[in-house]
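Asker: dropping the sequence and predicted coords here.
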Amino acid sequence: MNFKQLEAFQAIMLSGSTTGAAERMGLSQPAISRLLAQLEEDLALRLFVREKGRLSPTAEAHALLHDAQVLMDSAQCFRRHAEQLRLGGFKRRLLKVAVPSTLAKRFMQAHPDVVLEVLSGSYNDTERALLSRDADIGLVRLPMEMQGLSTRASLDSEAVCIMPRGHALEGLAEVSPTDLIDVSLILLGRQRQIRHDIDMAFRQRRVQPRVALEVHSISEACAHVAQGLGVSIVNALLAQHCPYEAITSRPFRPRIAYQLGIATVNNAPASPLHDTFTRLLVEAMEAPSPRRGIAFSSLKVARPSPVPLWNWLRQATGCIPLPRSKRGGRRRRRLRGCGLKSPRGCECPWLPSRYLARGR
């Protein structure tokens, strides 16, 4: 039994015929049949039976398919490791990452001696790539769905609505499903978790989304939005790194929260290269992009009403108002923590002096 026989067996199981397997492997149909016959002879098992001119896998073939896949994956890992050692012989290191390519720029500038292999795909694809050693480091959504992975760092984010500059929605402070009635939407595929969250937000507001395009990555969504084909709802942390000047964003409400993680396989050997990439990746993702109007987090301070003024002040500044003695017929108050006095000369940026002077 050899690797080529296992590859032929797997190709037949996936394609359903020796002809399809031959096309997948770039071999002739008789060569595939010969490899299958040799495998059955070596195993002393019948793996396929011919029914009405087609090959049908036996129960033994189904039972062995998973083991064959494990062996194939191990062989591929062996090849990749050998390639990495070969590159190391030329004093070059190979780092395989599953992150948006725009986030890898800073690392490439700091480490020109490293060969960076960038993989793309969904979060599930990233987890599978990490487990199969196709990737050393990957950006995943937390909590992860697969076992055997550990998180090196985590980042919090939320959903934003991205739109072309000059769009009617740009005048809104926030965008809700009711604002998107009859607006062309460019959404991620229905198999993504973010899509389920978005659909739920629309159902809660009893709004039917008008989906014009379905894409499979945030970069594709940004590209179509930049062309003016519609608006999209995406993760703000990744949207801020879309390389398009023609888009801007607004917070999406109701709020959809996300937690992303930088993950590796469990018990991965310590590597200064991995630590450096993780640190630079976190710095790149947390860096705001004000020129596109996109930031993954923001703090909004609302103007307080006179009634809950002191409660708001305590939450905003940590200052605690204390009553003081009366002087000149006016009540004096001092703010513990900032040391400012009232009624006159108050320079507190959080609180107009007139509120203190009136003792509200």
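Answerer: Alright, I've got the coordinates.
Asker: tell me the first helix or strand C-terminal of the longest strand along the chain.
Answerer: Of all segments of type strand in the chain, defined using DSSP state E, the longest is strand 149-164. With elements assigned by DSSP states H and E, the helix or strand that comes after strand 149-164 is strand 184-188.
Asker: show me what that following strand is packed against.
Answerer: Counting contacts by 3 or more CB pairs under 8 Å, 6 or more residues apart in numbering; DSSP states H and E, strand 184-188 is packed against helix 193-204, strand 210-215, helix 218-226, strand 232-235. C-beta coordinates here come from the backbone N, C-alpha and C atoms, glycine included.
Asker: pick the most deeply packed of these.
Answerer: Highest mean neighbour count among the helices and strands packed on strand 184-188 (mean count of other CB atoms under 10 Å): strand 232-235, with a mean of 26.
Asker: who are the packing partners of that strand?
Answerer: In terms of contacts (3+ CB pairs under 8 Å, 6+ apart), strand 232-235 is packed against strand 149-164, strand 184-188, helix 193-204, helix 218-226.
Asker: roughly how far out does that strand sit from the chain middle?
Answerer: In this view, strand 232-235 has its centroid 11 Å away from the chain centroid, taken as CA atoms, centre = their mean, to the nearest Å.
Asker: quick check: Q208 is in a strand.
Answerer: No. Counting by DSSP: H, G, I helix; E, B strand; the rest coil, Q208 is not found in a strand; it is coil.
Asker: show me the contacts for it.
Answerer: Listed by CB atoms under 8 Å, 6 or more residues apart in numbering, the contact partners of Q208 are F202.
Asker: circling back: can you say which of the helices and strands packed on strand 232-235 is nearest to Q38?
Answerer: strand 149-164 (37.6 Å; CB to CB).
Asker: quick one: low-confidence parts of the stretch 151-300 of the chain?
Answerer: Along the stretch 151-300 of the chain, the model assigns pLDDT under 70 to residues 287-300.
Asker: and the closest residue to D197 other than its chain neighbours, how far is that from T276?
Answerer: Among residues not flanking D197 along the chain, I256 sits closest, at 4.8 Å (CB to CB, 6 or more residues apart in numbering). Distance, I256 to T276, using CB to CB, to the nearest Å: 32 Å.
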